[in-house]
Structures are given as C-alpha cells and as structure tokens.
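Visitor: Below are the sequence and a predicted model; questions follow.
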Amino acid sequence: MPAFDLPLAELHAYQGTNPRPGDFDEYWEGALEGLRHARAAEDIVLAPVDHPATYANCFDLWFTGVRGTRLHAKYLRPSKGAPPHPGMVVFHGYYAASPDWFRLLPYVAQGFSVLALDSRGQGGLSQESGSLAGTSLVGHIIRGLGVDPRELLVRRHFLDTVQAAQILMERPEVDPARVGATGESQGGGLTLACAALEPRIRAAVPVFPFLSDYRRVWDLDLAVNAYAELRDYLRRFDPLHESVEQMWLTLGYIDVQHLAPRVRASVMMHTGLMDMICPPSTQFAAYNKLPSEKQVTIYPDFEHEDLPGIGDRILRFFVDQLGPSVGPDALVEGR
C-alpha cells in the first residue's frame with residue numbers, strides 16, 4: 001500500500017502532535033455564549049432565486065454573523081413532500097465558495113433541505129470580517145496570531161458553521177432532530193467543528209478534513225499549498241522561532257482534533273493516503289478522538305482530489321442516518 005505518512009495501523013493509533021491549551025473548553029464556551037448574543041441581530045433575509053429545477057425552491061439566504069459580518073448561503077428546499085424535512089449544512093474548501101445549485105439538487109430530490117454556506121472573506125458572497133469590503137481569500141489560519149486568541153479568524157469561521165446549522169434547524173420545514181453536515185478539505189474541518197459545537201448535528205461526513213494538527217503538518221515539512229501561511233508567518237514574524245511553541249499552542253484553540261471529543265454525531269470520514277495537502281495523520285488525529293459511532297473510508301492511491309464514488313456514499317449515508325422526507329406529496333407552504 002503506497003504511503004508517505006504513517007502506516008495505516010499507526011494512523012489508527014495516532015493521537016496528534018499540536019498542543020491543546022489548558023483553557024480550551026472555557027475558550028469555546030465563551031465563544032458560544034458570544035454567538036448566542038450575536039444571534040439577536042442576525043437579520044435573516046431570504047431572496048428567491050429563479051432556477052429551472054421544478055422539485056426545489058432555491059433562495060439566497062443572508063444573515064449577520066459574529067462581529068457584524070454579513071454572510072451568504074444558498075438555501076434549497078423540496079417544493080413537494082410534506083414537512084418536516086431532514087436537513088444538511090454544506091461547507092466548502094479553503095478560499096472557494098459554496099457549490100453550484102446543480103451539485104446540491106440531488107439532496108433536495110431525496111427530500112432534504114440544504115443550506116450551503118459561503119465562508120466569510122473567501123471565494124463566495126459573504127463579506128470579509130471587520131469593516132473592510134472585499135475579500136482576503138487566504139491567510140485565515142494565521143489571522144489573529146500574536147494577539148488575544150479570541151481574535152483568531154478561524155474561531156469566527158467555526159461559529160459561523162454553528163449559526164448556519166441553527167438557522168437551518170429553526171426553519172419551519174426542517175426537522176431539527178435530523179440535520180447533518182458535510183464538506184471537503186476546509187469544509188471537512190468545518191464539518192467537524194460544526195458537529196462539535198452544535199451537538200444536535202446527527203450525522204457528519206468530513207472529507208479529508210483541513211484545520212487539524214498544525215504542528216504535524218510542519219513536522220512533515222508540508223507547510224505548503226493550503227498550509228503555506230504557517231511557513232510565511234514564521235519567516236516574516238518569527239524568523240528565529242523564538243515564540244514558535246506559543247504559536248502552536250495558540251493554534252490549538254482552532255485545531256479540530258481538540259474539538260473532536262465533543263462530537264455526538266455519527267461520522268463517516270474519507271481519506272486518501274497520498275494526500276500531501278491534508279496529511280492522513282492530521283486527519284486521524286481528529287478521527288481517533290471521536291467518541292461517537294464512526295467509520296473511515298480509505299483511498300490508498302488517492303491524493304487531495306475527487307474520490308471515486310464519494311457522492312453516492314455521502315447520499316446513502318445521510319439517507320440511512322437521517323431518512324428521507326415523510327408524508328404525502330404536497331407543496332411546502334410558508335416563507
């Protein structure tokens with residue numbers, strides 16, 4: 001079996017390298033309390049989108065996230081089938097955008113309502129954090145290093161996933177007890193964060209998750225591509241590595257391996273053993289800490305790329321875990 005990382009048996013035992021801050025739990029409880037206050041001013045707007053799919057109602061959904069950032073998501077719901085429907089939140093890869101409507105429609109055809117979030121300040125319509133217009137695209141992992149850990153930008157990304165899931169759960173046509181989450185790469189990391197911080201998430205499918213075990217990425221000399229900003233940060237702000245251990249400790253607040261023990265959802269992870277962008281050991285650092293029902297699908301010869309059959313696997317998993325819509329065909333009433 002080809003590999004550049006640990007052998008598969010060792011991957012299943014690996015417990016991660018990046019340190020966990022001592023006040024990690026208090027940090028995230030404080031963050032969630034802040035989100036509860038922020039939701040009072042979220043100002044949800046649904047704008048219908050003209051789409052030829054006759055079995056789906058499509059909307060641009062806007063809401064205000066933490067720190068007053070205006071966020072966008074695609075929202076789709078079945079036009080037929082009596083509610084409540086199962087729901088899915090979908091997260092995209094780093095500096096990308098939510099999938100095309102076409103890629104979300106198979107879930108709607110199966111009876112799911114779907115909310116696909118544009119991460120703040122990346123490739124979609126969501127605004128950048130703060131008062132600046134436009135987008136930064138990248139540099140989000142290191143944003144906030146060197147100041148108060150509560151200023152870490154990835155913290156806000158994680159809270160955005162929770163807010164998106166809660167907005168979906170509160171839709172009148174959605175069954176809040178049957179909501180799942182999925183995404184690839186950054187979207188896989190956000191899937192784990194969402195399931196950890198919103199325990200009502202019932203099923204989760206992270207695909208080669210990003211944002212896990214940062215120190216391990218460095219130790220493997222793979223701080224390139226999506227993780228290149230780690231190397232760039234050190235070269236510019238700590239060239240002698242005088243405070244590098246503090247950097248790893250601070251990044252521990254936004255390391256999904258440390259959030260994994262909070263997950264209650266059933267999890268199906270997908271990993272390519274030749275993935276040199278999100279190395280397998282970094283993914284297993286999170287997977288091995290999951291206390292819930294879990295399974296991992298291994299692609300021995302695949303890198304950080306499209307994985308054959310994965311779409312069918314994900315759909316079947318969510319149908320098995322969450323079930324299709326129930327009840328006779330009927331137009332969904334209401335906003």
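Guide: That came through fine.
Visitor: Report pLDDT for residue 329.
Guide: On pLDDT, residue 329 comes in at 48.
Visitor: Using the three-state scheme, assign residue 86.
Guide: Following DSSP: H, G, I helix; E, B strand; the rest coil, the label given to residue 86 is strand.
Visitor: swap in residue 37?
Guide: helix.
Visitor: Now the spatially most central residue of the chain. Its backbone dihedrals?
Guide: Centroid-nearest residue in the chain, with C-alpha atoms, centre = their mean: residue 190, separated by 1.8 Å. Phi and psi for residue 190, reported as degrees, to the nearest 10, are phi -70, psi -30.
Visitor: and the longest strand anywhere in the chain, average pLDDT?
Guide: Ranked by residue count under DSSP state E, the longest strand found in the chain is strand 174-184. Across strand 174-184, the average pLDDT comes to 98.
Visitor: go on, stretch 307-314?
Guide: If you average the pLDDT over stretch 307-314, you get 97.
Visitor: Low-confidence regions, this protein specifically.
Guide: Judged by pLDDT under 70, the chain has its weakly predicted residues at 1-2, 131-132, 325-335.
Visitor: now do 90
Guide: 1-4, 80-82, 128-138, 323-335 (pLDDT under 90).
Visitor: how about the helices in it?
Guide: 8-11, 24-38, 101-109, 153-169, 186-197, 214-219, 228-237, 244-251, 256-259, 280-287, 310-322 (DSSP state H).
Visitor: so can I have a markdown table of these showing distance to residue 53?
Guide: All C-beta atoms are positioned from the backbone trio N, CA, C, and that covers glycine. As requested, those are exported to a markdown table (distance: least, C-beta to C-beta, whole Å):
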| stretch | distance to residue 53 |
| --- | --- |
| helix 8-11 | 41 |
| helix 24-38 | 33 |
| helix 101-109 | 5 |
| helix 153-169 | 19 |
| helix 186-197 | 23 |
| helix 214-219 | 40 |
| helix 228-237 | 38 |
| helix 244-251 | 42 |
| helix 256-259 | 33 |
| helix 280-287 | 34 |
| helix 310-322 | 17 |
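Visitor: for these, which one sits closest to residue 57?
Guide: helix 101-109 (8.7 Å; C-beta to C-beta).
Visitor: which parts of that closest one are buried?
Guide: For helix 101-109, burial by neighbour count (16 or more other C-beta atoms under 10 Å) applies to 101, 104, 105, 107, 108.
Visitor: which two of these lie the greatest distance from each other?
Guide: 101 and 107 (11.3 Å).
Visitor: before we move on, back to that, nearest to residue 145 among the buried residues of helix 101-109?
Guide: Distance to residue 145, by C-beta to C-beta, is smallest for residue 104 among the buried residues of helix 101-109, at 34.3 Å.
Visitor: how near is that closest one to residue 319?
Guide: Distance of residue 104 to residue 319, given as C-beta to C-beta, to the nearest Å: 15 Å.
Visitor: Likewise for residue 15?
Guide: In terms of C-beta to C-beta, residue 15 sits 33 Å off from residue 319.
Visitor: Would you mind telling me which of the two has the busier surroundings?
Guide: Remark: of residue 15 and residue 319, residue 319 carries more neighbours, 16 against 10, as counted by other C-beta atoms under 10 Å.
Visitor: what's the spacing between the more buried one and residue 106?
Guide: 11 Å.
Visitor: same deal with residue 181?
Guide: 17 Å.
Visitor: joint contacts of residue 101 and residue 107?
Guide: residue 76 (C-beta atoms under 8 Å, 6 or more residues apart in numbering).
Visitor: thinking residue 294 is in contact with residue 269, fair?
Guide: Yes. Residue 294 lies in contact with residue 269 (C-beta atoms under 8 Å); the separation is 7.1 Å.
Visitor: between these two, which one's more packed in?
Guide: residue 269 (23 against 16).
Visitor: List the beta-bridge partners for the more buried one.
Guide: residue 296 (DSSP bridges).
Visitor: Not counting sequence-adjacent ones, nearest residue to residue 215?
Guide: Nearest residue to residue 215 in three dimensions, chain neighbours excluded: residue 18, at 4.0 Å (C-beta to C-beta, 6 or more residues apart in numbering).
Visitor: and if you look at residue 303?
Guide: Using C-beta to C-beta, 6+ apart, the nearest residue to residue 303 is residue 274, at 4.7 Å.
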